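Undergrad: All I have is the shape, not the residue letters:
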């Protein structure tokens, strides 16, 4: 009895170590990414770089991240998280260091665009949550990924004021170097993820053999539910990037206080911690594609009400709270649904393909917001499109077939 109790306690400690390491990696990667908007003005005023070029460098990392994510996920599936996370953290830090010293556009593109995009693909959801999903049991997988995502959201709350304080007191280069150092600190944490993964493999001896990657990808391409999930995740990226990029400017047009936009983004980050955990918990109790569908409906309805009703400080705070609760809760649910249908062997690769769709949506959400405003002088059309996109995404998710992959389903596909 005491031996069993000891083993159970050791397993719980290992599980919390896994979730803690995953949360720290995500906190650093996602938190640093949230700080980029702080440097647009300083780069422009101090170094004479056009705002358009700086904004494009930031947008570029989203595209690079999206295209690199399937490869980073595949590398983690094959070689483990430790080398991928270490490489990603070092590449991410190098990109920030180059950006901190940048005096020309090409240096900014190389650092803030290319290297940061590659680095974040190795230290974010497709690698970290895929490892958590492989280690957790099917019953606890959604909750475990939700907890890791919630821990990762903490970095989005802490990194922005940290970077701002260092920038104000020591300048842009020092702030960039401090963020780079924070990323180097998480480089060894991939070892914790791999140890937990090996421990899980040692405990589970009866798992069915996984299909080769090529066959799995071919089946996924034919799987209607996987295609619908991919299309729906495009909407998530579109909505989030538009709001994160253009909400502060929209509030200024509505004659709201100058600091309210930053407050709203901070509130989104705070409530995202609750929402990520909550969505993971819900995904462990109800069918994940149904939870996703309702999440998109709530998000779309909230956007519509926010635009149609009078804009006040109270409405902004309520909007930020609801958006935060539904912000990145899609990630553990989407990961969990892919794992349920296709298993966990190639989870990083399969999620990476879906996440590419998310990042294409992110690029368009950020870019189209500015284009529509420059063309029409208003954000009304893009707000309407963002709300309707929530309804479309919900309709895409409800009919998803979430039955696990079997030999019979392959034969009839």
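TA: Good, I have the coordinates. Note that the coordinates shown come from a computational prediction; the quantities given were computed from them, not determined experimentally.

Undergrad: How far does stretch 294-305 sit from its chain's centre?
TA: Chain-centre distance of stretch 294-305: 19 Å, with C-alpha atoms, centre = their mean, to the nearest Å.

Undergrad: Pull out the buried residues from the host helix or strand of residue 243.
TA: Assigned by DSSP states H and E, residue 243 belongs to helix 224-253. Within helix 224-253, the residues scored as buried using 16 or more other C-beta atoms under 10 Å are 225-248, 250-251. Yep, even glycine has a C-beta here, placed from its N, CA and C like the rest.

Undergrad: do stretch 253-270 as well
TA: For stretch 253-270, the neighbour count (16+ other C-beta under 10 Å) marks 256, 260-270 as buried.

Undergrad: picking up where we left off before, and the next helix or strand along the chain from the helix holding residue 243, what other elements does it pack with?
TA: Per DSSP H and E, the first helix or strand lying C-terminal to helix 224-253 is helix 260-283. Helices and strands touching helix 260-283, by 3 or more C-beta pairs under 8 Å, 6 or more residues apart in numbering; DSSP states H and E, are helix 141-170, helix 224-253, helix 288-308, helix 313-325, helix 330-342.

Undergrad: which residues are contacting the fourth one?
TA: In this structure, residues lying in contact with helix 313-325 by C-beta atoms under 8 Å, 6 or more residues apart in numbering are 243, 251, 256-257, 260, 263-265, 267-272, 274-275, 278, 298-299, 302, 306, 309.

Undergrad: re the thing from before, specify which member of the buried residues of stretch 253-270 is nearest to residue 189.
TA: Nearest to residue 189 out of these is residue 269 (C-beta to C-beta; 21.3 Å).

Undergrad: Which residue, other than its chain neighbours, is closest to that closest one?
TA: residue 156 (4.0 Å; C-beta to C-beta, 6 or more residues apart in numbering).

Undergrad: list the contacts for that neighbour?
TA: By C-beta under 8 Å, 6+ apart, residue 156 lies in contact with 27, 30-31, 34, 269, 272.

Undergrad: The residue nearest the centre of the chain - nearest residue in space that isn't next to it in sequence?
TA: In the chain, the centroid-proximal residue (C-alpha atoms, centre = their mean) is residue 125; its distance is 5.8 Å. Nearest non-adjacent residue to residue 125, counting by C-beta to C-beta, 6+ apart: residue 331, 5.2 Å away.

Undergrad: in the stretch 51-200 of the chain, which ranges drop under the pLDDT threshold?
TA: Residue ranges of the stretch 51-200 of the chain with pLDDT under 70: 51, 197, 199-200.

Undergrad: pLDDT on stretch 39-46, on average?
TA: Averaged over stretch 39-46, pLDDT sits at 75.

Undergrad: Which parts of it count as buried, going by neighbours?
TA: For stretch 39-46, the neighbour count (16+ other C-beta under 10 Å) marks 39, 43-44 as buried.

Undergrad: Would you mind giving those as a markdown table with secondary structure and distance to residue 404 added?
TA: Formatted as a markdown table, the buried residues of stretch 39-46 follow (DSSP: H, G, I helix; E, B strand; the rest coil; distance: C-beta to C-beta, whole Å):
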| residue | secondary structure | distance to residue 404 |
| --- | --- | --- |
| 39 | helix | 46 |
| 43 | helix | 49 |
| 44 | helix | 52 |
